[in-house]
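*Asks:* Got a sequence here, can you model it:
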Amino acid sequence: MSKLKNSLFTFLCLLGILISSASLFAQNKSKKDLEKKKKQLQKEIRLTNKLLKETKKNKDLSVDELLKLKSKINSRASLISTMNAEINLISNNIVTIENNISELENEIVRLKKEYAKIIYYAYKHRNTYDKIMFVFASKDINQAYKRLKYIQQYVEYRKSQAKAIIENQAALKQKIEELKATQQENTILISQQKQEQERLSVEKIEQEKVVKKLQGKEQELTDELKKKEVAKHKLQKAIQRIIAEEIRKAKAHNNFNTTSKGFPMTPEQKQLSSSFATNKGKLPWPVLKGIITGKFGKHPHPVLTNVVINNNGIDISTTKGSNCRAIFNGVVSSVAIIPGEGKVVMVRHGAYLSVYSYMSEVYVKKGDKITTKQELGLLVHEPSKAKTIVHLEIWKSMTKLNPQYWISRK
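*Replies:* Below is the predicted model of the structure:
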């Protein structure tokens, strides 16, 4: 009965450790995800610093510089938040390890007490003659066999108890080392988070200074904004005209009902459209590397008060000499020149259309079949502002979509 009780206790302890191990496995998986996100944010910050360094070579401040700074601040804030989540995870991990250590220490104490009793009993009955007499004093052969078996099991149990103590002591040593390493990791991470918070404070002060300086250039910024609005309006009209024309031609060619909405599509185009939709959130970026400095939709102007800007797509700042590339397979619907938007390429993906602006040179022509990541053209570089960006729009028929939801989180 005592042996069964001890086995049950050991089993429960092992079960507790196994449950803790499963929890640690889940935590480690989550920790890997956080570390991956942290590395990506750090990469974004390094790229933003590089872009800002180029921008700051110019004496004149620009809204582009402010947008890059804001992007870095957002990335830094996300990095701090990610670090905080990692710290909480590590703290929970420390508690779990401490509980494992406590369970192992209690188990070792229990095993040692049991082993001491065994040793004491073995000492009292150490005479081999007593064991032989114990067997021979049996009433029959069956009882003699059981007594002999009992002596053998008792010896094996004593060995197993000694082995269990050694194994638990080794596990305890390993857990203590693991705890020390985890505590050290937590200390380093807390220190790094503090440094990031200090950097964030400095960057916010810098942002306030840039905003104040730009506010002194209100008229210049207003004029610049008007030019952008005119260019944006021309681009939107061009996109809508091209979409309407493609729909009209497709309906006429395939004898579709002209009152139906959207692109009339062949089976091949339907498959392409379905594939494009399936890859939402996984599409590659239109540049090899970059940061989003202009988000989709309506937003307050970063400097001008009571002014709202409406972005039909997203703006991605990148390095000088970068090429623009297609985000998915498709066919070039149009190549156009829009004043203020540079050369523009529109690629159709079944029911969807991706639009790429601000190119100085284009490598494709209307009707070309395009593959994912194929280079479409060289992006415009504005030396006066050290600015290289690509403007990306995604449309489904006449509906504007947020490209940030479609491209992958790098």
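
*Asks:* Please enumerate the strands of the stretch 201-350 of the chain.
*Replies:* 291-294, 297-300, 308-311, 314-317, 323-325, 330-338, 342-349 (DSSP state E, counting those that start in this stretch).

*Asks:* any chance of those strands in a markdown table, with distance to residue 250, mean neighbour count and mean pLDDT too?
*Replies:* Every residue, glycine included, has its C-beta placed from N, CA and C. Converted to a markdown table, the strands of the stretch 201-350 of the chain look like this (distance: least, Cβ to Cβ, whole Å; neighbours: other Cβ atoms under 10 Å; pLDDT from 0 to 100):
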| stretch | distance to residue 250 | mean neighbour count | mean pLDDT |
| --- | --- | --- | --- |
| strand 291-294 | 32 | 21 | 93 |
| strand 297-300 | 30 | 11 | 91 |
| strand 308-311 | 29 | 14 | 90 |
| strand 314-317 | 28 | 24 | 95 |
| strand 323-325 | 27 | 22 | 97 |
| strand 330-338 | 11 | 19 | 91 |
| strand 342-349 | 10 | 24 | 93 |
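
*Asks:* Would you reformat those as CSV and include distance to residue 78?
*Replies:* Converted to CSV, those look like this (distance: least, Cβ to Cβ, whole Å):
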stretch, distance to residue 78
strand 291-294, 12
strand 297-300, 18
strand 308-311, 21
strand 314-317, 17
strand 323-325, 26
strand 330-338, 32
strand 342-349, 30
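
*Asks:* for the ones you listed, which one sits closest to residue 215?
*Replies:* Minimum separation from residue 215 across the strands of the stretch 201-350 of the chain (Cβ to Cβ) falls at strand 297-300, 13.7 Å.

*Asks:* From the chain's centre, how far out is the closest one? Work that out for me.
*Replies:* Centroid displacement of strand 297-300 relative to its chain, using Cα atoms, centre = their mean, to the nearest Å, is 26 Å.

*Asks:* and it, what other elements does it pack with?
*Replies:* If you count contacts as 3 or more Cβ pairs under 8 Å, 6 or more residues apart in numbering; DSSP states H and E, strand 297-300 packs onto strand 308-311.

*Asks:* Direction included, what does the strand it packs on pair up with?
*Replies:* Paired neighbours of strand 308-311 in the sheet (DSSP bridges): strand 297-300 (antiparallel).

*Asks:* Export the strand it pairs with to PDB, keeping only CA atoms.
*Replies:* The C-alpha trace of strand 297-300 is given here as PDB (Å, rounded to 0.1, in the frame of the first residue of the first chain):
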ATOM      1  CA  GLY A 297      -8.200  56.900 -46.000                       C
ATOM      2  CA  LYS A 298      -8.900  60.200 -44.300                       C
ATOM      3  CA  HIS A 299      -6.300  61.700 -41.900                       C
ATOM      4  CA  PRO A 300      -5.600  65.100 -40.400                       C
END
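
*Asks:* residues making contact with it?
*Replies:* The contact list for strand 297-300 (Cβ atoms under 8 Å, 6 or more residues apart in numbering) reads 307, 308, 309, 310, 311, 402.

*Asks:* for stretch 186-206, same thing?
*Replies:* Contacting residues not belonging to stretch 186-206 are listed as 69, 72-73, 76-77, 79-80, 83-84, 86-87, 90-91, 94 [Cβ under 8 Å, 6+ apart].

*Asks:* So among the residues you listed, which ones count as buried?
*Replies:* The neighbour count (16 or more other Cβ atoms under 10 Å) marks 69, 72, 73, 76, 77, 79, 80, 83, 86, 87, 90, 94 as buried among the contacts of stretch 186-206.

*Asks:* So in this protein, where's the weakest helix or strand by average pLDDT?
*Replies:* Lowest on mean pLDDT, DSSP states H and E among the helices and strands of the chain sits helix 128-136, with a mean of 52.

*Asks:* What residues sit buried inside stretch 221-229?
*Replies:* Applying a neighbour-count criterion of 16+ other Cβ under 10 Å, one finds 221, 225 buried in stretch 221-229.

*Asks:* still on that earlier bit, of the contacts of stretch 186-206, closest to residue 318?
*Replies:* For the contacts of stretch 186-206, the nearest to residue 318 is residue 72 (14.9 Å; Cβ to Cβ).

*Asks:* So what does the closest residue to that closest one other than its chain neighbours look like in phi/psi?
*Replies:* Spatial nearest neighbour of residue 72, chain neighbours left out: residue 48 (4.2 Å); criterion: Cβ to Cβ, 6 or more residues apart in numbering. The phi/psi pair for residue 48 (degrees, to the nearest 10) reads phi -60, psi -40.

*Asks:* How many residues are close by residue 48?
*Replies:* Look at residue 48: counted by other Cβ atoms under 10 Å, it has 23 neighbours.

*Asks:* Kindly report the same for residue 52.
*Replies:* Counted with other Cβ under 10 Å, residue 52 comes out at 18.

*Asks:* Next: residue 65.
*Replies:* Other residues lying near residue 65 total 23 when counted by other Cβ under 10 Å.

*Asks:* what's near enough to touch the closest residue to it other than its chain neighbours?
*Replies:* Spatial nearest neighbour of residue 65, chain neighbours left out: residue 55 (4.6 Å); criterion: Cβ to Cβ, 6+ apart. Residue 55 is in contact with 62, 64, 65, 68, 385, 386, 387, counting by Cβ under 8 Å, 6+ apart.

*Asks:* out of all of them, which helix in the protein is the longest?
*Replies:* helix 141-215 (DSSP state H).

*Asks:* quick check: mean pLDDT across it?
*Replies:* What helix 141-215 shows for mean pLDDT is 83.
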